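Trainee: What follows is a predicted protein model with its sequence.
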Amino acid sequence: MKPSPDIFSDFYRDQGRSPIRPPHGHLSRRLAGRWSSAICTVGLLWQVGYPPDTSAKEAVGRYKNTAIATASGCGAGDELHQVTGVVVSVHDGDSVTITQQAKRVSVRLKGIDAPELPQPFGLEARQTVAGIVLNRPVTVSYSKTDQYGRLIGRVYTAECIDASLHQITVGMAWFYSAFQGELPKNIRAQVKTSHEKARRAGVGLWAQKDSEPPWVYRNGKSPAVPTCADCTTGPEA
C-alpha cells in the first residue's frame, strides 16, 4: 500500500465525513447531551485505536531499556538487518511507523498485502494489526527499502508474534505472491499455508465472496508471480 501523510485525515475520508465539530449557536440540553456522548465515543475510539502523540511518547519511554531488548531476538537470521523500536502509528493493515534512535521510520510488512482503506475490511485490517503492535516494542528484520523509503520487513512483537503472519492467519491480508521470491523458503511456505487455511475457513475478508485483491484494486490487474526458480533472495531461498 502507498503511504499517506495523514492517518487521521485518511480515516475520516474513508468514512465519507469530516472530523466531528459541534454546531454554532446555543444548544438545548438534549442536543448538548448527544454531542457530549458522541465526542466521548470518538475520543475513546481514538485512544484505543490511534492514540495521540503523548501516548506514543510515553510508550517509547516505557520500553526504551526493557521490552525492546526482549523483542530483539525475534526473527534473527531471517533478513540481512534488524532494527528495534516502538510502533507509534499504523497507516493501514500492512504499514506502520516506528521510532528508531529518535527517528521515525516507516515499515511495510513483508510478504502480505492488506486491503486498501476504502476496500471492504480495510479499516478492520488496520485495527487488527494496531491491536498487536501499536505503542509496543517491535523488531523489524529487513533486507531492503522501497521507492517510498520504507523498510520492507518482518515485524515481530516482544512475544515474537510475526505481524505479517498474524494478518494472514486472521484473514486480514493476502499472501503477496508477486514478491514471494523475497521471502526465506521456510517463511514463504508458512505464510502460503496460513493463507490457504484462512481462505478455506472463510476467516475475516474471506467471509465475503469474490474478494478483490488490493493489487487489482490499485492497478486493475494482477502482477506476474515468480516461480520457485526466481526465488533467489533470503538466506534459505
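Mentor: Sure, I can see it.
Trainee: Could you list the low-pLDDT ranges of this structure?
Mentor: Scanning the chain for pLDDT under 70 picks out 1-73, 224-237.
Trainee: In this protein, what residue spans correspond to strands?
Mentor: 81-92, 95-100, 103-109, 112-113, 137-145, 151-157, 174-175 (DSSP state E).
Trainee: now the ones you listed as TSV including distance to residue 209 and mean neighbour count?
Mentor: Where C-beta positions appear, they are placed from N, C-alpha and C, glycine not excepted. Below are the strands of the chain laid out as TSV (distance: least, CB to CB, whole Å; neighbours: other CB atoms under 10 Å):
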stretch	distance to residue 209	mean neighbour count
strand 81-92	23	22
strand 95-100	27	22
strand 103-109	26	20
strand 112-113	19	24
strand 137-145	35	22
strand 151-157	31	25
strand 174-175	15	22
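Trainee: Quick one: neighbours of residue 123, just the number.
Mentor: Other residues near residue 123 come to 19 when the count uses other CB atoms under 10 Å.
Trainee: That one contacts residue 114, correct?
Mentor: No - between residue 123 and residue 114 there is no contact under CB atoms under 8 Å: 10.6 Å.
Trainee: Run a quick neighbour tally on residue 162.
Mentor: Residue 162 has 24 nearby residues by other CB under 10 Å.
Trainee: for the one 10 residues further on, same thing?
Mentor: Neighbouring residues of residue 172 were enumerated by other CB under 10 Å; the total is 26.
Trainee: who are the neighbours in contact with it?
Mentor: Under the criterion of CB atoms under 8 Å, 6 or more residues apart in numbering, the contact partners of residue 172 comprise 93, 114, 115, 121, 124, 125, 128, 129, 204, 205.
Trainee: And for residue 146?
Mentor: 108, 152.
Trainee: Now it: phi and psi?
Mentor: Note on residue 146: backbone dihedrals following degrees, to the nearest 10 are phi -100, psi -170.
Trainee: So what's the residue count around residue 169?
Mentor: 18.
Trainee: re the thing from before, now render the strands of the chain as JSON lines, adding distance to residue 219.
Mentor: Shown next, in JSON lines, are the strands of the chain (distance: least, CB to CB, whole Å):
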{"stretch": "strand 81-92", "distance to residue 219": "17"}
{"stretch": "strand 95-100", "distance to residue 219": "18"}
{"stretch": "strand 103-109", "distance to residue 219": "17"}
{"stretch": "strand 112-113", "distance to residue 219": "12"}
{"stretch": "strand 137-145", "distance to residue 219": "21"}
{"stretch": "strand 151-157", "distance to residue 219": "18"}
{"stretch": "strand 174-175", "distance to residue 219": "14"}
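Trainee: and the gap between residue 217 and residue 103?
Mentor: Counting by CB to CB, to the nearest Å, the gap from residue 217 to residue 103 is 32 Å.
Trainee: What's the separation between residue 147 and residue 108?
Mentor: Residue 147 is 11 Å from residue 108, by CB to CB.
Trainee: Run through the helices of this structure in chain order.
Mentor: Secondary structure of the chain (DSSP state H): helices at 7-14, 29-49, 53-63, 67-71, 122-133, 163-169, 185-201, 214-219.
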